[in-house]
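Participant: Structure, please.
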Amino acid sequence: MKRLKSALPKNRRVSGRRKAAIRAGIAAAAGLGLVAGTAGSAHAAPVRLDYPLSGSTFIEGTASSLALGPGVLEASADLRAGTLTANTKLPAAPGAFTMLGLIPVTVTTEFIETEPTVGTIDLKTGAINSTTKLTLRLKDLKIAGIPTLVGRSCQTEVPAELVLASEPGFNALKGGTLSGTYTIPKFENCLLATPIINLVIPGEGNAVTLTLGQPSAPPKP
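Facilitator: Modelled structure (predicted):
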């Protein structure tokens, strides 16, 4: 047997070692979720993943929190460039607070993404930083239990900009938590309720926490 092995041409033995190295490289890439394209490819395909999305936001002006989700983050990552784009889809969020410490208010807020989320991925740590621009639209406003007309276009004059960063333990293949703060712009087109809304809701220091669940491949068209 030893004679047979030593009789093999040298180039065939080298080829066997190369094949083993290639197989090991593919396995490592699969473990890191990089199978979408090799690191040396000039045109590696982006990785598409859908993350279940939920969370909450604390509104400084009303001293109240809104539950967010369940929604979905449709992400596309270029692992060679370390960049990502995403569509953030959240359902309308009903909320309640007390105005002037006495008057109960209920209102539903819609979060409408005005352009795709953009961000970066740290290829060494997996940390993510992202920027999302959302228009906040209000509906179903009740003050002291009385329905208050706000029209169909009661929304922020300009989009709010959410700058989020992943917290420790975030894993692109398992999910994790993103958090940050944002400013709520003034509202417009809210009929007679516009001055009251702008007195209470807009302002800085609003906090948001989003939890991404384990991602899955997007459904086939």
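Participant: In terms of residue numbering, what are the domains of this protein?
Facilitator: Using automatic domain parsing, the domain parsing of the chain gives 1-32, 43-212.
Participant: For the protein, which segments are assigned as helices?
Facilitator: For the chain, applying DSSP state H gives helices covering 2-7, 10-32, 194-200.
Participant: Quick one: find the helix or strand in this protein with the lowest mean pLDDT.
Facilitator: Using mean pLDDT, DSSP states H and E, helix 10-32 stands out as the lowest-scoring helix or strand of the chain, at a mean of 39.
Participant: ok, residues contacting stretch 114-123?
Facilitator: Residues from elsewhere that reach stretch 114-123 (Cβ atoms under 8 Å, 6 or more residues apart in numbering): 73, 77, 79, 82-88, 127-135, 159, 172. All C-beta atoms are positioned from the backbone trio N, CA, C, and that covers glycine.
Participant: Now intersect those with the strands, please.
Facilitator: 73, 77, 83-88, 128-135 (DSSP state E).
Participant: ranking the residues you listed by neighbours, who comes first?
Facilitator: residue 132 (27 neighbours; other Cβ atoms under 10 Å).
Participant: Run through the bridge partners of that residue.
Facilitator: Listed by DSSP bridges, the beta-bridge partners for residue 132 are residue 162.
Participant: Can you tell me how far it is from residue 207?
Facilitator: Applying Cβ to Cβ, to the nearest Å, the value for residue 132 to residue 207 is 14 Å.
Participant: same check, this time on residue 67
Facilitator: Taken as Cβ to Cβ, the span from residue 67 to residue 207 is 14 Å.
Participant: same deal with residue 118?
Facilitator: From residue 118 to residue 207 the distance is 21 Å (Cβ to Cβ).
Participant: Just give me the neighbour total for the closest residue to residue 85 other than its chain neighbours.
Facilitator: Leaving aside its chain neighbours, residue 85 sits nearest to residue 116 (4.9 Å; criterion: Cβ to Cβ, 6 or more residues apart in numbering). Residues near residue 116, counting by other Cβ under 10 Å, number 14.
Participant: Between the domains of the chain, which one is closest to residue 221.
Facilitator: Relative to residue 221, the nearest member of the domains of the chain by Cβ to Cβ is domain 43-212, separated by 12.0 Å.
Participant: what bridges to the spatially most central residue of the chain?
Facilitator: Taking Cα atoms, centre = their mean, the centroid of the chain lies closest to residue 73, which sits 5.2 Å from it. Bridge pairing for residue 73 (DSSP bridges) gives the partners residue 51, residue 88.
Participant: Name the strands paired with the biggest strand by length in the chain and say parallel or antiparallel.
Facilitator: Ordering each strand of the chain by length in residues (DSSP E) puts strand 103-121 first. Next to strand 103-121 in the sheet, as set by DSSP bridges, lie strand 83-89 (antiparallel), strand 93-99 (antiparallel), strand 128-143 (antiparallel).
Participant: Dump these into CSV; add mean pLDDT and distance to residue 212 as well.
Facilitator: Converted to CSV, those look like this (pLDDT from 0 to 100; distance: least, Cβ to Cβ, whole Å):
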stretch, mean pLDDT, distance to residue 212
strand 83-89, 95, 10
strand 93-99, 95, 18
strand 128-143, 96, 9
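Participant: got those as CSV, with distance to residue 202 columns?
Facilitator: Putting the strands paired with strand 103-121 into CSV (distance: least, Cβ to Cβ, whole Å) gives the following:
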stretch, distance to residue 202
strand 83-89, 21
strand 93-99, 14
strand 128-143, 9
